[in-house]
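> sequence-free structure coming up:
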Ligand SMILES: Nc1ncnc2c1ncn2[C@@H]1O[C@H](COP(=O)(O)OP(=O)(O)OP(=O)(O)O)[C@@H](O)[C@H]1O
Ligand SMILES: [Mg+2]
């Protein structure tokens, strides 16, 4: 018999997916997503003490949640929202533990396009460039520990006509001793590397000193 608190996803189509996770729309709330770890990454029965203590593959959810709480603490100081989706917690599903998060959406309420989508469809203009620079400023300002700042992990939200980029994946400190979470300088150095990679991936030019992207000069 299935536990009464379990969410069934098996009969649903994943809404989106990455290399590690499948993303479903929550069956009970169409503004929430349930993210589960793909089966190949959670194969063994996870029931021994070591796995319970280290959380197995679900350590990812824990790190993201810690980063989210830390960003909310910064929100109190800075008086604006961090560039992360709201994380509601975790829920049991028929595909292992699921992470419940706010679905970042566009003006129609549909799932938000990624930065990659925008770049591929000519949807990235000076306006989006300015928003991307604001996003980068917020990564530093909110002290977000980011390790995979690629165009597929950054999505464009439209909420009450306000547009902003949000990081949906690749944040949280993965180190055993979370030095980047503790030392701003260390984290800033990592962010400098991540935005340099993002410049390579997007074809944008990075002004390293001011941490701002530009369009390349036309030849
Ligand atoms: N909160 C969200 N709101 C809107 N879209 C989202 C959200 N989370 C994820 N997505 C979409 O789902 C895709 C995959 O999600 P995610 O990056 O979390 O999966 P992953 O398996 O961890 O990715 P990766 O391949 O980078 O390891 C994203 O590229 C994005 O399009
Ligand atoms: Mg991803």
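Thanks, I have the structure now. Please read all numbers here as calculations on a predicted model, not as lab measurements. Residues are numbered from 1 along each chain as shown. Ligands and ions are numbered 1, 2, ... in the order given.
> near ligand 2, which residues of this structure?
Taking CB under 5 Å from the ion as the criterion, the neighbours of ligand 2 within the chain are 18, 153, 169. Quick note: C-beta positions are derived from backbone N, CA and C, even for glycine.
> Pull out the buried members of these.
153, 169 (16 or more other CB atoms under 10 Å).
> Just the helices from the chain, written as ranges.
49-54, 59-78, 115-120, 126-141, 179-182, 184-202 (DSSP state H).
> Output those as CSV; include the columns mean neighbour count and mean pLDDT.
Shown next, in CSV, are those (neighbours: other CB atoms under 10 Å; pLDDT from 0 to 100):
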stretch, mean neighbour count, mean pLDDT
helix 49-54, 10, 84
helix 59-78, 16, 97
helix 115-120, 18, 97
helix 126-141, 17, 98
helix 179-182, 16, 96
helix 184-202, 15, 98
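> give me every residue that touches the closest residue to residue 103 other than its chain neighbours.
In this structure, residue 103 finds its nearest non-sequential neighbour in residue 33, 4.7 Å apart by CB to CB, 6 or more residues apart in numbering. Neighbour list for residue 33: 15, 23-26, 100-103 [criterion: CB atoms under 8 Å, 6 or more residues apart in numbering].
> bridging residues for residue 33?
residue 25, residue 101 (DSSP bridges).
> Which single residue of the protein ends up nearest ligand 1?
Per CB to the nearest ligand atom, residue 18 is where the chain lies closest to ligand 1, at 2.1 Å.
> ok, for that residue, nearest residue in space, not its chain neighbours?
Per CB to CB, 6+ apart, closest to residue 18 is residue 169, 6.5 Å.
> which ones are touching the one you found?
Applying CB under 8 Å, 6+ apart, the residues near residue 169 are 18, 21, 148, 152-153.
> could the residues you listed be laid out in TSV, adding distance to residue 159?
Listed next are the contacts of residue 169 as TSV, based on distance: CB to CB, whole Å:
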residue	distance to residue 159
18	23
21	23
148	24
152	21
153	19
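> Using JSON lines, lay out those together with pLDDT.
JSON lines is the format used below for those (pLDDT from 0 to 100):
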{"residue": "18", "pLDDT": "91"}
{"residue": "21", "pLDDT": "95"}
{"residue": "148", "pLDDT": "97"}
{"residue": "152", "pLDDT": "97"}
{"residue": "153", "pLDDT": "97"}
